[in-house]
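> sequence first, predicted model second:
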Amino acid sequence: MEPIQQVSGRAYPWGAKNIDTDIIIPAHWLKTTTREGLGKGAFESVRAEPGNLFDDPRYAGAPILVAGENFGCGSSREHAAWALADLGIKAVIAPSFSDIFSGNAFKNGIVTVVLPQEAIDRLVQVATANEITVDLETMTVTTEFQDRFAFELDPFRRDCLMQGLDEIGMTLAQDTAISKFESAAAHERPWIAVGGGHEGVAVEGVGRT
């Protein structure tokens, strides 16, 4: 997962409310076992409409999506986060998110920013022609018109996003501590260590073999 300190660029000025995961990525796309290519199916029903926002060349490659409340509701499919990431979206700004979607987004390196509806309305307006910046260092969303909206983010998630650590990365970061623990355990309890050679080891209440 790539580290994220700041996400800056054009944003999809959508603002739609109650967008569920089936709209983000339809069920028939869930047969895939890879994350690549899911961006093609992202918002398929919306993109079927002529002149839709997601196929508008003005927003091509936009790394930010401004949405309405309750974004990511519905089924818990992680493919929704995969599809957004494959589409190039690195941050979603909305008044509220489904808890499961928010967790899946975090695990896939997508920042979920919660702002009040007034801020969303302003950002939708700005995004029609100008860029937006989401800054994890200052915990703000800003525009070139001096708009500045502060947001909160779980400190653990913020740290992981800024360091680019997913669950595997977090485990690898503790490699030294894990190795020390395993070495100490093998010395103190050799009978449970893999290849520890329990033969001849006396355990209280058990004779030698």
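Arrived safely.

> OK, contacts around residue 154?
Listed by CB atoms under 8 Å, 6 or more residues apart in numbering, residue 154 has no contact partners. Bear in mind the C-beta positions are built from the backbone N, C-alpha and C, glycine included.

> name the SS class of the nearest residue to residue 159 once chain neighbours are set aside, please.
Leaving aside its sequence neighbours, residue 159 sits nearest to residue 165 (CB to CB, 6 or more residues apart in numbering; 7.8 Å). Per DSSP: H, G, I helix; E, B strand; the rest coil, the local secondary structure of residue 165 is coil.

> so the chain: which segments form each domain?
6-158, 165-195 (automatic domain parsing).

> let me have these in a markdown table, extended by mean pLDDT.
Formatted as a markdown table, the domains of the chain follow (pLDDT from 0 to 100):
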| stretch | mean pLDDT |
| --- | --- |
| domain 6-158 | 96 |
| domain 165-195 | 71 |
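
> any idea which of those is most buried?
domain 6-158 (a mean of 18; mean count of other CB atoms under 10 Å).

> can you give the distance of that domain from its chain's centre?
10 Å (CA atoms, centre = their mean, to the nearest Å).

> start at 36 instead
Got it, the first residue is 36 from now on, which makes the last one we talked about domain 41-193.

> where along the protein do the strands fall?
41-44, 46-48, 99-101, 126-129, 146-149, 167-170, 175-178, 183-185 (DSSP state E).

> for the third one, packing partners?
Packed against strand 99-101, as judged by 3 or more CB pairs under 8 Å, 6 or more residues apart in numbering; DSSP states H and E, are the following elements: strand 46-48, strand 126-129, helix 152-162, strand 167-170.

> how does it look with 10 Å?
strand 41-44, strand 46-48, strand 126-129, strand 146-149, helix 152-162, strand 167-170 (3 or more CB pairs under 10 Å, 6 or more residues apart in numbering; DSSP states H and E).

> can you check the second one too?
In this structure, strand 46-48 packs against strand 99-101, strand 126-129, helix 152-162, strand 167-170, with contacts taken as 3+ CB pairs under 10 Å, 6+ apart.

> one more time with 6 Å, if that's ok
strand 99-101, helix 152-162 (3 or more CB pairs under 6 Å, 6 or more residues apart in numbering; DSSP states H and E).
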